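[1] Turn this into a model:
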Amino acid sequence: MNKIFSLLVFTGVPLSILGSLLHWSQILMFIIYCITIIALASYMGRATESLAIISGPSIGGLLNATFGNAVELIISIFALKEGLIEVVLASLTGSVLGNLLLVAGLSFFIGGLKFKRQAFNVYDARHNSGLLMFAIIVAFVIPEVFSTEMTNSKSLALSIGISAILILLYLAALFFKLVTHRGVYKHQNDDPTHEEEPEWSKRKAMLILALATAAVAYVSENLVHTFEIVGETFGWSELFIGVIIVAIVGNAAEHASAIIMAYKNRMNIAVEIAVGSTLQIAMFVAPLLVLISLFFPIKMPLVFTLPELISMASAVLLTVIISNDGETNWFEGATLLAAYLIMGIGFYFL
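    Modelled structure (predicted):
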């Protein structure tokens, strides 16, 4: 599999450059860009897996989520530059749904097929549950509720204030988890870090991450320009492109890494990737994009549509209920996947 992704990277990147210079078909280029980003994401996943083995599950999961979300952040910034606010908000929704339902669902399902019962740190699960409830149900719902009684300028000001609070609380959460309370809430099923040897050294892994991120930035800028033609050709709305297509392509690194970790029964890292990535999207990436949009002609308030809010809130509640016992199995994974499919069908027909 690694050889296939290597082939895709070393053919996809040159084809992306050549196709953009020669103005190939937008549909063809959309496919090439998506495949290239997914292949590059696999390199990012392998690099962060090496770093996870070196650094431990918490820091490794955070690094994986950060570099995985860097892909989506880059795509979203270029989409903001083009004024595609609906696509950006939809891609944020898709990331939340994709991480909580698709990534966690596939991890629980595939890991559960190999192991009857898998356990992870229940203390981390409960800590993350509270943050998920706050970030999605409080911080995302409040702007929608209050904006109906406000002018656009006041709604944007509210979004800026909430964004600042979210970023500060996210940084406080990292400080709590990695500094003041690191190791305080140990669990008997915590992943041992000495079982495997990293594929790459720390320096090589960081170099590959940097190069892959730079390549993703170039390909992502071109990918954004294909959205309009692709949407018209296939009859896809901006909402569907953002929620499903951009979210899956942008989070390919986390998808692969979390599933691999679950298959190896390293559930702490798998859960940290899925849930930690969601928290980073909701509490850091989304508010950061609101602040970045202030530098572009079209500003982005943190106001989602009703279907987006209900879908995200439902995903959070379902994930909290399933994960709060610190154990999982294949049926719980299938339940999360079923919820993702139902929501995907709904967004397709909107």
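
[2] Can you name the element that comes right after the helix ranked longest in the chain?
    Counting residues, the longest helix found in the chain (DSSP state H) is helix 26-55. Next helix or strand after helix 26-55 toward the C-terminus (DSSP states H and E): helix 57-81.

[3] I'd like to know which elements that next one is packed against.
    Here helix 57-81 touches helix 26-55, helix 85-97, helix 202-224, helix 247-250, helix 252-263, helix 267-280, helix 286-292, going by 3 or more C-beta pairs under 8 Å, 6 or more residues apart in numbering; DSSP states H and E. C-beta: built from backbone N, CA, C; applies to glycine.

[4] Looks like F347 contacts F240 (just checking).
    Yes - F347 is within contact range of F240, at 5.2 Å (criterion: C-beta atoms under 8 Å).

[5] which residues of the protein score low on pLDDT?
    Under the criterion pLDDT under 70, the flagged ranges of the chain are 1, 56-58, 60-61, 64-65, 68, 182-196, 250-254.

[6] Mind doing that once more with 50?
    For the chain, applying pLDDT under 50 flags the ranges 192-194.

[7] closest to F120 out of the helices and strands packed on helix 57-81?
    Among these, the nearest to F120 by C-beta to C-beta is helix 267-280 (4.0 Å).

[8] can you give me the angle the closest one makes with helix 57-81?
    Helix 267-280 runs at 30 degrees relative to helix 57-81, counting by axes from the mean of the first three to the mean of the last three C-alpha atoms, to 10 degrees.

[9] quick one: helix 267-280 to helix 26-55, angle?
    130 degrees.

[10] Pull out the buried positions in helix 267-280.
    Within helix 267-280, the residues scored as buried using 16 or more other C-beta atoms under 10 Å are 267-280.

[11] Quick check: which of the helices and strands packed on helix 57-81 is buried the most?
    helix 267-280 (a mean of 29; mean count of other C-beta atoms under 10 Å).

[12] same for that one, what does it pack against?
    Counting contacts by 3+ C-beta pairs under 8 Å, 6+ apart, helix 267-280 packs against helix 57-81, helix 85-97, helix 104-114, helix 122-132, helix 152-175, helix 252-263, helix 306-323.

[13] Check the offset of the longest one from the chain's centre.
    A distance of 7 Å separates the C-alpha centroid of helix 57-81 from that of its chain, computed with C-alpha atoms, centre = their mean, to the nearest Å.

[14] What of the third one?
    The chain centroid and the centroid of helix 104-114 are separated by 18 Å under C-alpha atoms, centre = their mean.

[15] just checking, what packs against the next helix-or-strand element following that helix?
    The element immediately downstream of helix 104-114 (helix or strand, assigned by DSSP H and E) is strand 118-119. For strand 118-119, the elements it packs on are helix 104-114, strand 327-328, judged by 3+ C-beta pairs under 8 Å, 6+ apart.

[16] now these as a markdown table including distance to L63?
    Shown next, in a markdown table, are the helices and strands packed on strand 118-119 (distance: least, C-beta to C-beta, whole Å):
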| stretch | distance to L63 |
| --- | --- |
| helix 104-114 | 18 |
| strand 327-328 | 23 |
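
[17] what's the closest of the ones you listed to L289?
    helix 104-114 (23.3 Å).

[18] In that closest one, which residues are buried?
    104-112.

[19] now the helices and strands packed on helix 267-280 in TSV, with distance to L211?
    As requested, these are arranged in TSV below (distance: least, C-beta to C-beta, whole Å):
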stretch	distance to L211
helix 57-81	12
helix 85-97	24
helix 104-114	27
helix 122-132	31
helix 152-175	26
helix 252-263	14
helix 306-323	33
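
[20] and V285, which of those is closest to it?
    Here helix 57-81 is closest among the helices and strands packed on helix 267-280 (C-beta to C-beta), at 5.5 Å.

[21] okay, the angle between that closest one and helix 85-97?
    160 degrees.

[22] Let's see the helix or strand containing L337 as PDB, backbone CA atoms only.
    According to DSSP H and E, L337 maps onto helix 330-349. The C-alpha trace of helix 330-349 is given here as PDB (Å, rounded to 0.1, in the frame of the first residue of the first chain):
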ATOM      1  CA  TRP A 330     -17.700  -3.400  16.000                       C
ATOM      2  CA  PHE A 331     -21.500  -2.800  16.500                       C
ATOM      3  CA  GLU A 332     -20.900   0.700  18.000                       C
ATOM      4  CA  GLY A 333     -18.700   1.500  15.000                       C
ATOM      5  CA  ALA A 334     -21.500   0.300  12.700                       C
ATOM      6  CA  THR A 335     -23.900   2.600  14.500                       C
ATOM      7  CA  LEU A 336     -21.700   5.600  14.000                       C
ATOM      8  CA  LEU A 337     -21.200   4.700  10.300                       C
ATOM      9  CA  ALA A 338     -25.000   4.300   9.800                       C
ATOM     10  CA  ALA A 339     -25.500   7.800  11.200                       C
ATOM     11  CA  TYR A 340     -22.900   9.200   8.800                       C
ATOM     12  CA  LEU A 341     -24.600   7.600   5.800                       C
ATOM     13  CA  ILE A 342     -28.000   8.900   6.800                       C
ATOM     14  CA  MET A 343     -26.700  12.500   7.100                       C
ATOM     15  CA  GLY A 344     -24.700  12.100   3.900                       C
ATOM     16  CA  ILE A 345     -27.900  11.200   2.000                       C
ATOM     17  CA  GLY A 346     -29.700  14.100   3.600                       C
ATOM     18  CA  PHE A 347     -27.000  16.600   2.500                       C
ATOM     19  CA  TYR A 348     -26.900  15.100  -1.000                       C
ATOM     20  CA  PHE A 349     -30.600  15.800  -1.600                       C
END
